[in-house]
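S.K.: Any chance you could fold what I've pasted below:
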Amino acid sequence: MTELSSSRHGNVNTGRHDGAVNRTTRPGWSLAVKLTAWYTTASFLLVAAVSLYLYWDLANNLESSVDLFLADQVHVLRKLLKTRPDDAAALEQETHAESEARRYTKVYVRVARLDGAVVSETPGMQTIPPSDFPAAIACDAAPSRGENMNIQQNRRMRAIAALATSGESAAATHSIQIAFDRDHDLEILERHRERLAIILLFAPAICGFVGYQLARRGVAPIADIAKLSSRVRSESLRERIDPTRFPRELAALADDFNAMLDRLAASFDQLSQFSADLAHELRTPVNNLRGEIEVALGRPRTDEEYRETLNSALEESARLARIIDNLLFLARAEAGANSLEIGAVDLAAEIDRALEFYQPMIAESGLECRWERPAAIRASLDRMLFQRAFGNILSNAIRYTPRGGTIDIIINRDGAPGATRPSFSIQIIDNGSGIAEEDLPRVFERFFRADRARRASEGSGLGLAIARGIVEMHAGNIKIESRVGSGTKVTMQFPFDAAGAART
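M.R.: Got it, this is the predicted structure:
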């Protein structure tokens with residue numbers, strides 16, 4: 001087929017940056033600093049939470065151990081009073097045993113009758129008035145938690161009081177008061193608080209240093225990608241990043257960056273080829289114009305000869321204008337700047353008009369065009385652009401089908417009018433020379449011709465590119481199937497309501 005044209009290049013910057021890349025300084029902190037701040041904050045909060053929990057657990061355990069000791073002492077004294085009420089020596093030994101055995105902490109015990117008479121008490125217990133103790137626990141109640149109290153000289157105690165029966169008859173009742181000196185335990189907690197304060201004071205600096213080192217290591221692969229991107233030039237598009245040395249999360253970024261470079265390289269190669277093809281296409285008519293004018297000016301000519309020269313120059317100028325108009329149309333189509341004039345179109349009638357226009361070319365080429373006109377099919381399209389796309393494909397089929405060949409035109413409904421996005425397709429099938437398989441992916445590229453031996457033939461190689469642009473402007477799609485020696489089938493698919501499809 002004649003005008004096998006170019007694909008869309010995408011937005012590629014044609015300018016070269018030969019100097020250093022100019023980076024605009026952006027406000028804000030670097031990623032490494034942000035990661036460091038997040039790590040430092042999270043780590044410090046974790047250290048603080050763990051430290052506070054450990055301090056609370058230590059204080060709670062110390063207090064619980066004292067409470068268990070007090071409860072155990074109450075139980076021992078109750079047992080002694082009940083089983084050996086007259087054994088004053090045993091009672092005296094029990095009240096003095098704990099106090100004398102301890103070196104750093106003191107335990108004070110007092111056993112008294114309910115009238116206040118002291119039966120036995122630990123030395124030094126006299127300094128703690130009975131009224132300072134909490135309310136006594138009943139005889140049949142289990143010892144509960146002790147209570148903190150301060151006595152003379154700010155001595156910090158944890159105390160408990162309980163009632164106990166004396167003898168089996170339970171006729172006599174005694175009061176048991178026990179005080180545990182907690183100064184040593186509280187000194188341990190104070191030293192622990194001081195150490196925790198030192199840890200929390202230096203924790204931000206340590207966490208910040210460690211976090212910064214980790215952040216620098218973490219963002220190092222990103223810095224490698226940034227360095228490579230700063231070196232990207234038209235002549236260095238073949239450089240790639242090795243994703244195997246990156247962590248899994250950044251390996252995906254490296255793969256995407258490499259894929260982007262692949263697309264850039266392909267686009268740049270395509271753009272370079274397009275520039276070369278464009279120069280070739282424009283050079284021929286320009287050289288023709290120049291040659292004809294130079295010949296005409298070489299010597300005096302008759303009016304008829306000048307008229308022939310001007311007519312030839314006009315034809316070449318028209319060819320240049322068509323190429324320029326087609327390129328402008330493609331550029332606007334890619335930028336979305338072309339507007340559609342949507343209207344109700346009778347597809348069969350439009351194809352009849354196109355066939356009537358191309359009938360002389362079909363007859364001159366000795367071809368048979370088979371077209372079974374269907375019932376009226378109406379769609380909302382841009383009539384002029386639809387004719388242009390259909391005409392480009394039909395003219396290619398005519399040009400590349402040998403004498404005696406056939407061209408079939410078929411319209412198919414691809415969905416009922418009430419269905420979601422109903423559409424129709426138009427197929428133009430010829431039994432011409434066909435297109436090689438390796439050329440099929442490029443047939444919609446600008447200036448591309450599958451038959452390279454006929455580059456100088458009529459046409460600019462923009463026909464299929466324009467057809468594709470028109471179909472995509474209508475929110476449709478176009479595809480081509482071909483085999484060498486068997487012919488080519490081009491299918492254009494349009495929605496019945498192109499305006500509505502474009503809006504969705």
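S.K.: Which neighbouring elements make contact with the helix or strand that Asp262 is a member of?
M.R.: Following DSSP states H and E, the helix or strand that holds Asp262 is helix 248-298. Helices and strands touching helix 248-298, by 3 or more Cβ pairs under 8 Å, 6 or more residues apart in numbering; DSSP states H and E, are helix 183-231, helix 303-335. All C-beta atoms are positioned from the backbone trio N, CA, C, and that covers glycine.
S.K.: quick one: average pLDDT of it?
M.R.: Here helix 248-298 scores 77 as its mean pLDDT.
S.K.: could you point out the longest helix in this protein?
M.R.: helix 31-83 (DSSP state H).
S.K.: Switch the helices and strands packed on helix 248-298 over to a markdown table; also include mean neighbour count.
M.R.: Compiled in a markdown table, the helices and strands packed on helix 248-298 are given as follows (neighbours: other Cβ atoms under 10 Å):
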| stretch | mean neighbour count |
| --- | --- |
| helix 183-231 | 14 |
| helix 303-335 | 14 |
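S.K.: I'd like to know which of those is closest to Val443.
M.R.: When the helices and strands packed on helix 248-298 are ranked by distance to Val443, counting by Cβ to Cβ, first place goes to helix 303-335 at 14.9 Å.
S.K.: Give me the spatial nearest neighbour of the one residue sitting closest to the centre of the chain, chain neighbours excluded.
M.R.: Centroid-nearest residue in the chain, with Cα atoms, centre = their mean: Leu253, separated by 10.0 Å. Sequence neighbours aside, Ile225 is the residue nearest to Leu253 in space, at 6.9 Å (criterion: Cβ to Cβ, 6 or more residues apart in numbering).
S.K.: who's in contact with that neighbour?
M.R.: For Ile225, the contacting residues are Ile241, Leu253, Ala254, Phe257, by Cβ atoms under 8 Å, 6 or more residues apart in numbering.
S.K.: For Phe268, see how far away the first one is.
M.R.: By that I understand Ile241. Taking Cβ to Cβ, to the nearest Å as the measure, Ile241 falls 18 Å from Phe268.
S.K.: Compare those two and say which one has the larger neighbour count.
M.R.: More crowded of Ile241 and Phe268, by other Cβ atoms under 10 Å: Ile241, with 21 against 17.
S.K.: pretty sure the more buried one is in contact with Phe257, am I right?
M.R.: Yes - using Cβ atoms under 8 Å, Ile241 is in contact with Phe257, at 6.0 Å.
S.K.: tell me, what's touching those two both at once?
M.R.: Shared contacts of Ile241 and Phe257, defined by Cβ under 8 Å, 6+ apart, comprise Ile225, Leu228.
S.K.: I'd like to know which helix or strand in the protein has the lowest mean pLDDT.
M.R.: Across the helices and strands of the chain, mean pLDDT, DSSP states H and E gives its lowest value to helix 498-503, namely a mean of 50.
S.K.: if we can go back for a sec, other SSEs contacting the longest helix of the chain?
M.R.: Counting by 3+ Cβ pairs under 8 Å, 6+ apart, helix 31-83 packs on helix 88-101, strand 107-113, strand 155-166, strand 172-181, helix 183-231.
S.K.: which residues sit in contact with the spatially closest residue to Leu320 that is not a sequence neighbour?
M.R.: For Leu320, the nearest residue in space outside its immediate sequence neighbours is Pro285; the separation is 5.0 Å by Cβ to Cβ, 6+ apart. When contacts are counted by Cβ under 8 Å, 6+ apart, Pro285 touches Glu316, Ser317, Arg319, Leu320, Ile323.
S.K.: secondary structure class for Ser131?
M.R.: Under the three-state scheme (DSSP: H, G, I helix; E, B strand; the rest coil), Ser131 adopts helix.
S.K.: Quick check, pLDDT for it.
M.R.: Listed pLDDT for Ser131 reads 83.
S.K.: The one 4 residues further on now?
M.R.: On pLDDT, Ala135 comes in at 85.
S.K.: Do I have it right that it meets Ala161?
M.R.: Yes - A contact is recorded between Ala135 and Ala161 when judged using Cβ under 8 Å, the distance being 6.7 Å.
S.K.: Who has more neighbours out of the two?
M.R.: Ala161 (22 against 8).
S.K.: Run through the residues that contact the more buried one.
M.R.: Phe133, Pro134, Ala135, Ala136, Ile137, Ser175, Ile176, Gln177, Ile178.
S.K.: how about CSV for the residues you listed, with distance to Leu394 added?
M.R.: What follows is those, written out as CSV (distance: Cβ to Cβ, whole Å):
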residue, distance to Leu394
Phe133, 112
Pro134, 108
Ala135, 109
Ala136, 113
Ile137, 109
Ser175, 118
Ile176, 115
Gln177, 115
Ile178, 112
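S.K.: Kindly state the beta-bridge partners for Asn148.
M.R.: Per DSSP bridges, the residues bridged to Asn148 are Arg158.
S.K.: Count the neighbours of it for me.
M.R.: Residue neighbour count, defined by other Cβ under 10 Å, stands at 13 for Asn148.
S.K.: and it, what pLDDT?
M.R.: 77.
S.K.: any idea how far it lies from Leu328?
M.R.: Applying Cβ to Cβ, one obtains 92 Å for the distance of Asn148 from Leu328.
S.K.: Then Val47?
M.R.: As defined by Cβ to Cβ, Val47 lies at a distance of 67 Å from Leu328.
S.K.: Give me the phi and psi for Leu114.
M.R.: Here the main-chain torsion angles of Leu114 (degrees, to the nearest 10) amount to phi -70, psi -20.
S.K.: For beta bridges, what are the partners of the residue lying closest to it once chain neighbours are set aside?
M.R.: Counting by Cβ to Cβ, 6+ apart, Thr173 is the residue found nearest to Leu114 once chain neighbours are left out, at 5.6 Å. Beta-bridge partners recorded for Thr173 (DSSP bridges): Thr165.
S.K.: Going by mean pLDDT, which of the helices and strands packed on helix 31-83 comes out lowest?
M.R.: helix 88-101 (a mean of 80).
S.K.: Domain ranges for this structure, per the record?
M.R.: Structural domains assigned to the chain are 248-335, 342-503, following automatic domain parsing.
S.K.: Comparing those domains, which yields the minimum mean pLDDT?
M.R.: Within the domains of the chain, confidence is poorest for domain 248-335, with a mean of 77 (mean pLDDT).
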